[in-house]
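>>> mind looking at a prediction? Sequence and model below.
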Amino acid sequence: MKIFNVLVVGKNEAIVALLIKLVNKYPELSAQGTCQLEEIPSICLKSPLDILLFSSGLSLDQEKEISQIVAQIHPSVKIVEHFGGGSGLLRTELNQVLGIELA
């Protein structure tokens, strides 16, 4: 079974931590996250990345900049914007971007 690596980025530490916990409950996914935008390049260089998951608090310019940084290192990264709506919505968003049904 392929494990998809997810990077969660947002401004609220508690929300980022919760999203990491929710994503990691799926055996097909492995999540890490940060609220420190300057950490993103080093995180991307340390491990492969399949999904960039945006959480709340980022400006559109920040999202664009982060997307560009990540895409330079991982050109096939898929982007999910999740700004709330519960774990059911998150699962649906991840299913759609991956094209699979998470366990």
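The structure has been received and is ready for your questions. Numbering: from 1, shown residues only.
>>> let me see the mean pLDDT of stretch 89-103.
Stretch 89-103 comes out with an average pLDDT of 92.
>>> and stretch 2-13, by the same measure?
The average pLDDT for stretch 2-13 rounds to 96.
>>> and for stretch 50-58?
96.
>>> ranges for the strands of this structure?
Ranges of strands in the chain, per DSSP state E, are 4-9, 29-34, 51-54, 78-81.
>>> in TSV: the ones you listed, plus distance to residue 22 and mean neighbour count.
In this view, the C-beta of every residue, glycine as well, is placed from N, C-alpha and C. Formatted as TSV, these follow (distance: least, CB to CB, whole Å; neighbours: other CB atoms under 10 Å):
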stretch	distance to residue 22	mean neighbour count
strand 4-9	9	22
strand 29-34	8	19
strand 51-54	10	23
strand 78-81	12	15
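>>> give the contact list for residue 31.
Contact analysis of residue 31 by CB atoms under 8 Å, 6 or more residues apart in numbering lists 5-8, 19-20, 23-24, 53.
>>> can you put the residues you listed in CSV and add distance to residue 74?
Formatted as CSV, these follow (distance: CB to CB, whole Å):
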residue, distance to residue 74
5, 9
6, 12
7, 9
8, 15
19, 19
20, 18
23, 17
24, 19
53, 13
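>>> show me how far stretch 5-23 is from its chain's centre.
The chain centre lies 7 Å from the centre of stretch 5-23; the measure is CA atoms, centre = their mean, to the nearest Å.
>>> same check, this time on stretch 53-70
Distance, centroid of stretch 53-70 to centroid of chain: 11 Å (CA atoms, centre = their mean).
>>> so which bits of that stretch are buried?
The neighbour-count check on stretch 53-70 (16 or more other CB atoms under 10 Å) flags 53-55, 58, 66, 70 as buried.
>>> quick one, what contacts residue 16?
Per CB under 8 Å, 6+ apart, neighbours of residue 16: 8-10, 33-35, 55.
>>> kindly report the same for residue 17.
residue 33.
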